[in-house]
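>>> what follows is a predicted structure for the sequence shown.
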Amino acid sequence: MKYRQDKQGNQLSILGLGCMRFPVSKAETERMILAAIEGGVNFFDTAYLYPGSEKTLGEILAKHNKRKDINIATKLPIVRCKTYEDFDKYFNLQLERLKTDYIDYYFLHNVTDYNQWVAFQEMGIKEWIAEKMESGQIRQIGFSYHGIHEDFIKIIDSYPWQFCMIQYNYYDENYQAGKKGLKAAAAKGMAVIIMEPLLGGRLATGLPKQAAEIFKRANSNLTPADWAFWWLWNQEEVTVALSGMSSTQIMENNIASANNFRFLTTEELPKYDQVVEIFRKSYKINCTGCNYCLPCPKGINIPACLTAYNTSYAQGFITGITLYATSTAIVRKNPTTPRICNQCGNCEKHCPQNIPIRDALKKVSKRMEPLPLRAGFALVRKIISG
């Protein structure tokens, strides 16, 4: 495993384990976490708002006495904090879940603009952070960010942060904080943690065939995931690239990618521009599958529907409609398709990509359920129900 230094000189693995999407099987999760540690991964990222994640991670680390072998990064759910006392309420519960008495890297979760940071200063967040760092309960402080570049710069200029987390990949090079934000944070000595390095897996397994072929012709030994990770690690300002891996096999593949990393050649770098051009034409909705829009009051699996829609363009309509049928249970008695959306807008309030989800679902419904297909699905439902 290769490592890069944070602001205090600690060595962090260039590959981190994102714990938002653990495998359904707890046994597989345990195998994956232990394989990660064995492979040299020492940065584990979770959050209060990731269902079951902190508790699962804490139990597995305690069971195998691995707490001191890794760095735990977790996040204060600032969206739920209404008073100063709430800071302690959530933090203490996180310590309990994680079975630890300190957090190595503590984030303010999902900071979206400078005014939000100002509002939390007025609630006393800076004093609270100082108290926790003085006691040793928080080793380093940072924030995860979903907002415009200009506000990101204001935030990093307004406080001595030690690290930050931004969404960044070769497709989203100038999205939100972007490359300029990456360089500005690194110039201050901040460790920069990358989320969505594979764009919700699309840069690994969802590339259009023509795009994947460009990479294959350039270097057949590298997978699309390798190309995505190596683009990040090729920039020395990137400290850790997080990956929310769903199996031990994927974990081992990504560890191999980190172990084998080398800086890209001048012949390889232009391939990314070619791939992005094809990718932009194929993918219509910029959903990363983070699931923050869920649960939907009507039971619609919004990320899955958007993925199926994108896939229908990138990999063909048959592949897309197969995913769509699976994710909406469209041939069952009470399908949860976008057509039942009541336009409440709850999903849009929580989307870090600022996707106009209600309009997007209308597009999905129009493409994935044209009248002939709708009639066919209705007939199948009738036959199944008897």
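Arrived safely.

>>> who touches the helix or strand bottoming out on mean pLDDT in the chain?
Least confident helix or strand, the chain: helix 371-385 with a mean of 72, by mean pLDDT, DSSP states H and E. Contact partners of helix 371-385, identified using CB atoms under 8 Å, 6 or more residues apart in numbering, comprise Ile321, Ala325, Ile330, Val331, Arg332, Lys333, Pro335, Glu369. Where you see a C-beta, it was placed from the backbone N, CA and C, and this is true even at glycine.

>>> which residue ranges of the stretch 201-350 of the chain form strands?
240-243 (DSSP state E, counting those that start in this stretch).

>>> quick one, helices of it?
Using DSSP state H, counting those that start in this stretch, the helices of the stretch 201-350 of the chain run over residues 202-205, 209-218, 224-233, 248-260, 270-282, 302-314, 317-328, 346-350.

>>> any chance of the ones you listed in JSON lines, plus mean pLDDT, mean neighbour count and distance to Ile194?
Formatted as JSON lines, those follow (pLDDT from 0 to 100; neighbours: other CB atoms under 10 Å; distance: least, CB to CB, whole Å):
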{"stretch": "helix 202-205", "mean pLDDT": "89", "mean neighbour count": "21", "distance to Ile194": "12"}
{"stretch": "helix 209-218", "mean pLDDT": "94", "mean neighbour count": "16", "distance to Ile194": "20"}
{"stretch": "helix 224-233", "mean pLDDT": "97", "mean neighbour count": "23", "distance to Ile194": "6"}
{"stretch": "helix 248-260", "mean pLDDT": "95", "mean neighbour count": "18", "distance to Ile194": "13"}
{"stretch": "helix 270-282", "mean pLDDT": "90", "mean neighbour count": "16", "distance to Ile194": "16"}
{"stretch": "helix 302-314", "mean pLDDT": "85", "mean neighbour count": "23", "distance to Ile194": "20"}
{"stretch": "helix 317-328", "mean pLDDT": "82", "mean neighbour count": "18", "distance to Ile194": "27"}
{"stretch": "helix 346-350", "mean pLDDT": "90", "mean neighbour count": "15", "distance to Ile194": "21"}
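
>>> and Phe120, which of these is closest to it?
Taking CB to CB, helix 346-350 is the member of the helices of the stretch 201-350 of the chain nearest to Phe120, at 18.4 Å.

>>> any idea how far that closest one is from the chain center?
17 Å (CA atoms, centre = their mean, to the nearest Å).

>>> shift numbering so it begins at 35
In the new numbering, first residue 35, that becomes helix 380-384.

>>> who touches that helix?
By CB under 8 Å, 6+ apart, helix 380-384 touches Tyr326, Cys327, Leu328, Cys330, Pro331, Ile336, Asn388, Ile389, Pro390, Ile391, Arg392.

>>> follow-up on the earlier one: from the middle of its chain, how far away would the least confident helix or strand of the chain be?
36 Å.

>>> CA atoms only: put that helix into CSV for me.
What follows is helix 405-419 as a C-alpha-only set of coordinates in CSV (Å, rounded to 0.1, in the frame of the first residue of the first chain):
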residue,chain,number,x,y,z
LEU,A,405,-47.3,3.3,-23.9
PRO,A,406,-46.6,0.0,-25.6
LEU,A,407,-44.3,-1.1,-22.8
ARG,A,408,-46.7,0.1,-20.2
ALA,A,409,-49.4,-2.1,-21.7
GLY,A,410,-47.1,-5.0,-21.8
PHE,A,411,-46.1,-4.7,-18.2
ALA,A,412,-49.8,-4.4,-17.2
LEU,A,413,-50.5,-7.6,-19.0
VAL,A,414,-47.7,-9.4,-17.3
ARG,A,415,-49.0,-8.1,-13.9
LYS,A,416,-52.4,-9.5,-14.7
ILE,A,417,-51.1,-12.9,-15.7
ILE,A,418,-48.9,-13.1,-12.5
SER,A,419,-51.8,-12.0,-10.2
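
>>> check the residue nearest the centre of the chain and give its pLDDT.
Geometric centre of the chain, nearest residue: Glu230, 4.2 Å, by CA atoms, centre = their mean. Looking at Glu230, its pLDDT reads 90.

>>> ranges for the helices of the stretch 35-184 of the chain?
Counting by DSSP H, counting those that start in this stretch, the helices of the stretch 35-184 of the chain are 60-72, 87-97, 118-132, 148-156, 159-169, 183-191.

>>> can you list those helices in CSV and add mean neighbour count?
Below are the helices of the stretch 35-184 of the chain laid out as CSV (neighbours: other CB atoms under 10 Å):
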stretch, mean neighbour count
helix 60-72, 18
helix 87-97, 19
helix 118-132, 16
helix 148-156, 15
helix 159-169, 15
helix 183-191, 18
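
>>> in CSV, list the ones you listed along with mean pLDDT and distance to Ser254.
Converted to CSV, the helices of the stretch 35-184 of the chain look like this (pLDDT from 0 to 100; distance: least, CB to CB, whole Å):
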stretch, mean pLDDT, distance to Ser254
helix 60-72, 94, 26
helix 87-97, 96, 36
helix 118-132, 97, 42
helix 148-156, 94, 46
helix 159-169, 97, 49
helix 183-191, 93, 37
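
>>> could you dump those to JSON lines with distance to Leu241?
Shown next, in JSON lines, are the helices of the stretch 35-184 of the chain (distance: least, CB to CB, whole Å):
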{"stretch": "helix 60-72", "distance to Leu241": "24"}
{"stretch": "helix 87-97", "distance to Leu241": "28"}
{"stretch": "helix 118-132", "distance to Leu241": "36"}
{"stretch": "helix 148-156", "distance to Leu241": "35"}
{"stretch": "helix 159-169", "distance to Leu241": "41"}
{"stretch": "helix 183-191", "distance to Leu241": "27"}
